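Engineer: Got a predicted structure plus its sequence, pasted below:
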Amino acid sequence: MTRALPEPTYRRFVAGLGTLSLRPFDLAEDVTTLHSWVTQPYARYWGLLDASVADVHAEYLRIEQSAHHRAFLGEHDGRPAFLMERYEPGYDAVGQVYDVAPGDIGMHVLVGPATTPIAGFTAAVFETIMDSLFSDPLVDRVVVEPDVRNVKIQALNERMGFRKHSVVQLADKQAWLSFCTRDQYADAHRMNEAG
């Protein structure tokens, strides 16, 4: 008998695309899938290109045991499609390079490789993640710190309402510290829907 996976904590239907949902990352069931994503060349900014399954397991065990960092597997119509990490900046290295405000939440996102590309999929994933974060009334602002060389995610961040703050030096990268308030996201969402 197979073990039941955790129930989704957030679900969103996107017309023409299907259902996107987030559920807690299940270390036993999801680590092999995640390993197959993070070792692909497109995921180089994730920093695990040469990782073994055991390395990925150890990293996500560390996250699972943290009280301030959580991983979620995103599914598209019930199939694994993306990863979201939610973390408290005050307990992370990024919290050492800016003044953390109450209501700040950090986020990382990785979209799995597409078997069949779907127009607008990555934007829909990002909106699902932002909607899920802002569904928490305690969250006022989302914090991201993409590698300065990762121009694709920077462009997507900007499209979703993030504003670049400063280039910061973290242990493993130079990063664009960027913020998105609830209002900035709502404004960007309206503009994106208007085309």
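Structural biologist: Good, I have the coordinates. Residues are numbered from 1 along each chain as shown.

Engineer: For the most centrally placed residue in the chain, give me phi and psi.
Structural biologist: For the chain, the residue nearest the mean C-alpha position is residue 109 (2.3 Å; Cα atoms, centre = their mean). Per-residue torsions, residue 109: phi -140, psi 140 (degrees, to the nearest 10).

Engineer: Bridged to it, which residues?
Structural biologist: Per DSSP bridges, the residues bridged to residue 109 are residue 84.

Engineer: Look up how far residue 42 lies from it.
Structural biologist: 13 Å (Cβ to Cβ, to the nearest Å). Heads up, the C-betas are built off the backbone N, CA and C, glycines and all.

Engineer: in the protein, which spans are strands?
Structural biologist: 10-14, 18-24, 69-76, 79-87, 104-111, 141-144, 163-170, 173-181 (DSSP state E).

Engineer: quick check: angle from the fifth one to strand 69-76?
Structural biologist: Orientation note: strand 104-111 sits at an angle of 40 degrees relative to strand 69-76 (axes from the mean of the first three to the mean of the last three Cα atoms, to 10 degrees).

Engineer: Quick check: mean pLDDT of strand 104-111?
Structural biologist: For strand 104-111, mean pLDDT is 97.

Engineer: Could you pull out the buried residues of it?
Structural biologist: 104, 105, 106, 107, 108, 109, 110, 111 (16 or more other Cβ atoms under 10 Å).

Engineer: Give me the spatial nearest neighbour of the last one, chain neighbours excluded.
Structural biologist: This means residue 111. residue 82 (4.6 Å; Cβ to Cβ, 6 or more residues apart in numbering).

Engineer: Reformat the buried residues of strand 104-111 as CSV; add distance to residue 58.
Structural biologist: Output for these, formatted as CSV (distance: Cβ to Cβ, whole Å):
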residue, distance to residue 58
104, 27
105, 25
106, 21
107, 22
108, 17
109, 21
110, 17
111, 23
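
Engineer: Show me which of those is closest to residue 28.
Structural biologist: When the buried residues of strand 104-111 are compared for distance to residue 28 (Cβ to Cβ), residue 110 wins out at 19.5 Å.
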